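Visitor: fold the stuff below for me.
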Amino acid sequence: MKTILIGYMGCGKSYIGYILSLLTNNTFFDLDFIINKIYKIDTNQIFKKYGEYKFRFIEKKILNFFLKETYKKSYILSVGGGTPCYFNNISFMNNYVNTIFIKLSFKILYKRLLKDNNNRPILNIMNRRRRYKLLNRHYNKRISFYKRSKYIIKIKKSSFFKIAYYIKKKFNL
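Guide: Below is the predicted model:
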């Protein structure tokens with residue numbers, strides 16, 4: 001089964017995807033990692049050097065190639081938090097694979113993001129005093145795209161392993 005994990009940054013898509021790949025014997029891919037390898041530049045550097053629009057254009061190009069041409073077998077792919085929100089990517093992904101939205105409350109996401117802000121391009125450009133308000137607004141803009149995924153997994157407080165195991169069991173992966 002071809003599966004894409006989507007959700008806001010900090011929800012654990014990459015961790016869950018990796019664990020899920022181990023549980024299901026499927027190959028795991030991370031779209032940001034693929035972009036970094038192809039362009040030989042870190043995602044944060046693309047944001048800083050070229051801006052978000054250029055990054056989203058690159059991301060769309062790689063996503064299209066990945067879904068259309070590259071991998072015909074079962075896999076698990078995690079995509080960045082903004083991937084479903086640009087260039088009609090969510091509809092495109094839904095046409096090719098099963099998309100699963102990993103939904104966490106904003107409060108839990110915010111706490112996670114505070115611990116990991118060095119690896120988040122969008123956090124590095126936000127004013128620290130207004131970060132909560134700005135992120136909450138940002139999250140609320142993106143949630144409508146996430147909700148268009150084929151499946152929604154609502155998560156409270158669980159380990160990544162338990163979430164991955166739940167997904168494996170629920171979708172017979």
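Visitor: tell me which helix or strand of this structure sits lowest on mean pLDDT?
Guide: The weakest-scoring helix or strand in the chain, judged by mean pLDDT, DSSP states H and E, is helix 121-124 (a mean of 61).
Visitor: to what extent is F55 buried, counted in neighbours?
Guide: Residues lying near F55 (other CB atoms under 10 Å) number 24. C-beta coordinates here come from the backbone N, C-alpha and C atoms, glycine included.
Visitor: tell me which element the residue nearest to it when sequence neighbours are not counted is part of?
Guide: Of all residues not flanking F55 in the chain, I46 sits nearest, at 4.7 Å (CB to CB, 6 or more residues apart in numbering). Under the criterion of DSSP states H and E, I46 resides in helix 43-50.
Visitor: and the next element down the chain from the least confident helix or strand of the chain?
Guide: Taking DSSP H and E, what comes next after helix 121-124 is helix 131-146.
Visitor: other SSEs contacting that next one?
Guide: Other elements packing on helix 131-146 under the criterion 3 or more CB pairs under 8 Å, 6 or more residues apart in numbering; DSSP states H and E are helix 106-115, helix 121-124.
Visitor: any regions of this protein where pLDDT drops low?
Guide: Applying pLDDT under 70 to the chain picks out residues 70-72, 116-129.
Visitor: what segments of it are helices?
Guide: Ranges of helices within the chain are 13-24, 31-39, 43-50, 52-65, 89-96, 106-115, 121-124, 131-146, 160-170, based on DSSP state H.
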